[in-house]
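Participant: No sequence on hand, only this structure:
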Ligand code: LLP
């Protein structure tokens, strides 16, 4: 799962940096990312797409730290954004706005205006009223908005219901049956230029089959839309490729792409530009969350290992009952492994990071929650007025602080006391 994570002399390292040393230097909770792991994951996409017109748009919702974005921007990536705030991050990180695709079911007119003025590459539109609004905004600015329609292929991606998005019961995309009609409407609007088609069927997918099913349905639509006289330039096949958290065996990106390209070629669509929007598979295995053991609280039915990271730092277990690996940064020979529930300080029973984990730990030890580079920090909150964690980016033997730990004063800086 995470080839840049290794153990040397009993100490867990990310690239060439010992994680227990980082915890001492920067404090905990601390997110640490490996740049080589991110670039290695990207290279698999680039290999798979070599020789084709393509664009990898990193789905920055997975991890939007500016230094992470800078890393991908320098490697030639575009970005998949879902808000005006994300667009501002791309600009702040030195990314190329001309390589940005703007997804999401609820873009506001203000966000549309910002994105049109900045010159994003394409709007992935998810409903008919959104098309009308975008056309109006574009006309009012004297611009033309490049669009693709996100179609809902109605395939079961076989993932957690909260992160499955390609079934017709989901709020996402335009129903397969109405797609041609909606494309006709799009083509008739004065402020829009149809560029492509897009789909995204869910996240943490570990099989090739649902991707191929979705692709077939998208290609059926492309043929029908072009038969209706509307040319489609690019295919945006979304993101969704999963990573290994425990025993999942997702295909490598280049293997997935080989299967998709074979199908695209076989159906005579090999000339089209391809866009992908991977998030998790680019950053998930590149990051860990370091946390210190505060107290051990053995009990009659459960043993609790209370750590200084909590659901506000890493929501995935509380929100999806997601399993995240937890390992000590330094192995202990002097303590027996005991079964612990690893829990945080937040006042919720749902505040757990791992259940029934065999760990040999003592208070003061540092634990690493692994494969936490995606949807970790980006979903963090300030619940319980907990400052968000610091972030460090590792390159070889170097470790740079890329986000300071948030203070309480920063958290309430925008609040006001009543004046009377
Ligand atoms: N494109 C669109 C339109 C998306 O909605 C998403 C993710 C992606 C691309 C990137 O998908 P990825 O390659 O990362 O699977 N918070 C959840 C995951 C939510 C994914 C939302 N959409 C989690 O922690 O598992």
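Facilitator: Sure thing, it's come through. A quick note: this is a predicted structure, and the numbers were derived from the prediction, not measured. Residues are numbered from 1 along each chain as shown.

Participant: use CA for all of it now, contacts and neighbours both
Facilitator: Fine.

Participant: just the helices in the stretch 201-350 of the chain please.
Facilitator: Per DSSP state H, counting those that start in this stretch, the stretch 201-350 of the chain carries helices over the ranges 209-227, 253-266, 280-283, 316-320.

Participant: of those helices, which approaches the ligand most closely?
Facilitator: Each of the helices of the stretch 201-350 of the chain has some distance to the ligand by Cα to the nearest ligand atom; the shortest is helix 280-283, at 3.7 Å.

Participant: Other residues contacting the closest one?
Facilitator: 37-39, 41-42, 58, 62-63, 204, 240-243, 373-375 (Cα atoms under 8 Å, 6 or more residues apart in numbering).

Participant: Stretch 65-78 too?
Facilitator: Contacts of stretch 65-78 (Cα under 8 Å, 6+ apart): 35, 39, 55-58, 60, 89-90, 92-101, 393, 402-403.

Participant: Mind checking which of these land in strands?
Facilitator: Among the contacts of stretch 65-78, the members falling in strands (DSSP state E) are 55, 56, 57, 58, 100, 101, 393, 402, 403.

Participant: between these, which is nearest residue 417?
Facilitator: residue 403 (28.6 Å; Cα to Cα).

Participant: burial count for the closest one?
Facilitator: By the criterion of other Cα atoms under 10 Å, residue 403 has 17 neighbours.

Participant: do residue 153 as well
Facilitator: By other Cα under 10 Å, 26 other residues sit near residue 153.

Participant: Ok, residue 69 next?
Facilitator: So residue 69, with other Cα under 10 Å, has 24 neighbours.

Participant: try residue 350
Facilitator: 16.

Participant: That one and the ligand, how far apart?
Facilitator: From residue 350 across to the ligand, the span is 16 Å (Cα to the nearest ligand atom, to the nearest Å).

Participant: Then residue 333?
Facilitator: Distance, residue 333 to the ligand, by Cα to the nearest ligand atom: 34 Å.

Participant: same thing with residue 324?
Facilitator: According to Cα to the nearest ligand atom, residue 324 and the ligand sit 11 Å apart.

Participant: Give me the nearest residue to that residue, chain neighbours excluded.
Facilitator: Once flanking residues are discounted, residue 324 sits nearest to residue 245: 6.1 Å by Cα to Cα, 6 or more residues apart in numbering.

Participant: My guess is the one you found contacts residue 372. True?
Facilitator: No. With contacts counted by Cα atoms under 8 Å, residue 245 stays clear of residue 372, the gap being 9.1 Å.

Participant: which residues are in contact with both of the two?
Facilitator: residue 324.

Participant: which one of these two has more residues nearby?
Facilitator: residue 372 (27 against 19).

Participant: In a helix, the more buried one, correct?
Facilitator: No. Read with DSSP: H, G, I helix; E, B strand; the rest coil, residue 372 is coil and lies in no helix.

Participant: Let me see the contact set for it.
Facilitator: 284, 285, 286, 287, 288, 289, 324.

Participant: what helix or strand is residue 356 on?
Facilitator: Here residue 356 sits within strand 352-359, counting by DSSP states H and E.

Participant: so how far is that strand from its chain's centroid?
Facilitator: From the chain centre to the centre of strand 352-359 is a distance of 24 Å (Cα atoms, centre = their mean, to the nearest Å).

Participant: Can you list the residue ranges for strands in the stretch 151-300 of the chain?
Facilitator: Secondary structure of the stretch 151-300 of the chain (DSSP state E, counting those that start in this stretch): strands at 174-175, 192-198, 234-236, 273-276, 287-297.

Participant: In CSV, list those along with mean neighbour count, distance to residue 22 and mean pLDDT.
Facilitator: Formatted as CSV, the strands of the stretch 151-300 of the chain follow (neighbours: other Cα atoms under 10 Å; distance: least, Cα to Cα, whole Å; pLDDT from 0 to 100):
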stretch, mean neighbour count, distance to residue 22, mean pLDDT
strand 174-175, 20, 47, 92
strand 192-198, 23, 41, 98
strand 234-236, 24, 39, 98
strand 273-276, 21, 34, 98
strand 287-297, 23, 9, 98
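
Participant: need those strands in TSV with distance to the ligand, can you?
Facilitator: As requested, the strands of the stretch 151-300 of the chain are exported to TSV (distance: least, Cα to the nearest ligand atom, whole Å):
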stretch	distance to the ligand
strand 174-175	13
strand 192-198	9
strand 234-236	9
strand 273-276	8
strand 287-297	13
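
Participant: So what touches the strand holding residue 356?
Facilitator: Contact with strand 352-359 is made by 310-311, 314, 317-318, 323-328, 337-344, as judged by Cα under 8 Å, 6+ apart.

Participant: Of all the residues in stretch 364-378, which ones are buried?
Facilitator: For stretch 364-378, the neighbour count (16 or more other Cα atoms under 10 Å) marks 365-378 as buried.

Participant: Go back to those and keep what's next to the ligand.
Facilitator: Residues shared between those and the neighbourhood of the ligand are residue 375 [Cα under 6 Å from any ligand atom].

Participant: Make CSV from the buried residues of stretch 364-378 and add pLDDT to it.
Facilitator: Below are the buried residues of stretch 364-378 laid out as CSV (pLDDT from 0 to 100):
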residue, pLDDT
365, 98
366, 98
367, 98
368, 98
369, 98
370, 98
371, 98
372, 98
373, 98
374, 98
375, 98
376, 98
377, 98
378, 98
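
Participant: can you redo the buried residues of stretch 364-378 as TSV with distance to residue 215?
Facilitator: As requested, those are arranged in TSV below (distance: Cα to Cα, whole Å):
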residue	distance to residue 215
365	48
366	44
367	41
368	38
369	35
370	32
371	28
372	29
373	28
374	25
375	26
376	29
377	32
378	29
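
Participant: Can you tell me which of the buried residues of stretch 364-378 is nearest residue 172?
Facilitator: Of all the buried residues of stretch 364-378, residue 172 sits closest to residue 375, with 19.4 Å by Cα to Cα.

Participant: Report pLDDT for the nearest residue to the closest one once chain neighbours are set aside.
Facilitator: Computed as Cα to Cα, 6+ apart, the closest residue to residue 375 that is not its neighbour in sequence is residue 62, at 4.7 Å. Note on residue 62: pLDDT of 99.
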